[in-house]
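Engineer: The following block contains a protein sequence and its predicted model.
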Amino acid sequence: MSVTVILIIITVLTSIYAWRDSTLKNKWIHNAYSANKYKEYYRLLTSGFIHADYMHLFFNMYALYLFGGVVEQYFAYFFGGKAILAFLGLYLVGIVVANLPDFVKYKDTFGFNSLGASGGVSAIVFCSVILNPMMELIIFPIPIPMPGYIFALVYVAYSIFMEKRQMDNVNHMAHLWGAIWGVLFIGLTEPATLPRFIEQITSSF
């Protein structure tokens, strides 16, 4: 069984359990104030294993399923026996990295909470885009296929726009920070992927 599938199963089970047990949800959610005051830094990671509702859980796990397997295959080639550790580093650290800006910003604000695996999922998605920038992707709800690198640009622009507008209850900057981590991770561990990324794009014109 792939690491991606195992992570999905764990996240689905813990999310469902947290919906039924508010004690677990309150203990695992990223409450920046509690994380800072009581040194509960584990919240920056555990918050990635609980979700707000079924829709939130579905979209994150669906994206993880679509892109996780692809990244696992590349990592098996790049890292060999350390591929699982590399994948977990990309995903789990992505969750933490995505939460860090909010931790710094809201560590003295009691009412701030954040949850979901979006940071880790974004790291997987953007790592996949770097590895294969020409794959066709679709941004929901726009049914127009586009190359992965165009998808990435639109996604970044959309995240920044939505964060400034504050039109919903979604932490769009967490998505963006997770995406940045995904690019940094593959760029630092396999530097040749970045020139190859640029080469694939320029050769497509």
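Structural biologist: Perfect, I can see it now. Residues are numbered from 1 along each chain as shown.
Engineer: List the residues that contact the residue nearest to K107 when sequence neighbours are not counted.
Structural biologist: Closest residue to K107 in three dimensions, ignoring its sequence neighbours and counting by CB to CB, 6 or more residues apart in numbering: N36, at 3.7 Å. Where C-beta positions appear, they are placed from N, C-alpha and C, glycine not excepted. Taking CB atoms under 8 Å, 6 or more residues apart in numbering, we find N36 in contact with 103, 107-108.
Engineer: Over to Q200?
Structural biologist: Counting by CB under 8 Å, 6+ apart, the residues that Q200 touches are 133-134.
Engineer: please renumber so the chain begins at 40
Structural biologist: Understood, numbering begins at 40; the last thing we discussed is Q239.
Engineer: buried stuff in the helix or strand where it lies?
Structural biologist: In this assignment (DSSP states H and E), Q239 forms part of helix 232-241. Applying a neighbour-count criterion of 16 or more other CB atoms under 10 Å, one finds 232, 236, 239 buried in helix 232-241.
Engineer: show me the contacts for L233.
Structural biologist: With CB under 8 Å, 6+ apart, L233 has these contacts: 169, 225-226.
Engineer: Could you tell me which of these belong to helices?
Structural biologist: When DSSP state H is applied, those are split such that 169, 225-226 fall in helices.
Engineer: Tell me the buried residues within the residues you listed.
Structural biologist: Applying 16+ other CB under 10 Å to these flags 169, 225 as buried.
Engineer: right, and W58 touches L52 too?
Structural biologist: No: using CB atoms under 8 Å, W58 is not in contact with L52, being 11.1 Å away.
Engineer: Could you check which of the two is surrounded by more residues?
Structural biologist: W58 (16 against 11; other CB atoms under 10 Å).
Engineer: State the helix or strand in which the more buried one lies.
Structural biologist: helix 42-59.
Engineer: Can you tell me what sits against that helix?
Structural biologist: Contacts for helix 42-59 (CB under 8 Å, 6+ apart): 63-64, 67, 87-90, 96, 99-100, 103-104, 107-108, 111, 123, 126-127, 130, 156.
Engineer: Please list the members of the residues you listed that lie in helices.
Structural biologist: Per DSSP H, the contacts of helix 42-59 map to helices at 63-64, 67, 96, 99-100, 103-104, 107-108, 111, 123, 126-127, 130.
Engineer: What sits closest to V168 if chain neighbours are left out?
Structural biologist: Nearest non-adjacent residue to V168 (CB to CB, 6+ apart): G187, at 4.2 Å.
Engineer: Now for E229, how many residues are close by?
Structural biologist: 19.
Engineer: how near is it to G159?
Structural biologist: 19 Å (CB to CB, to the nearest Å).
Engineer: need the contact list for I183.
Structural biologist: Counting by CB under 8 Å, 6+ apart, I183 has contacts I177.
Engineer: So G217 lies in a helix, does it not?
Structural biologist: Yes: according to DSSP: H, G, I helix; E, B strand; the rest coil, the state of G217 is that of a helix.
Engineer: Right, I'll call it a day here.
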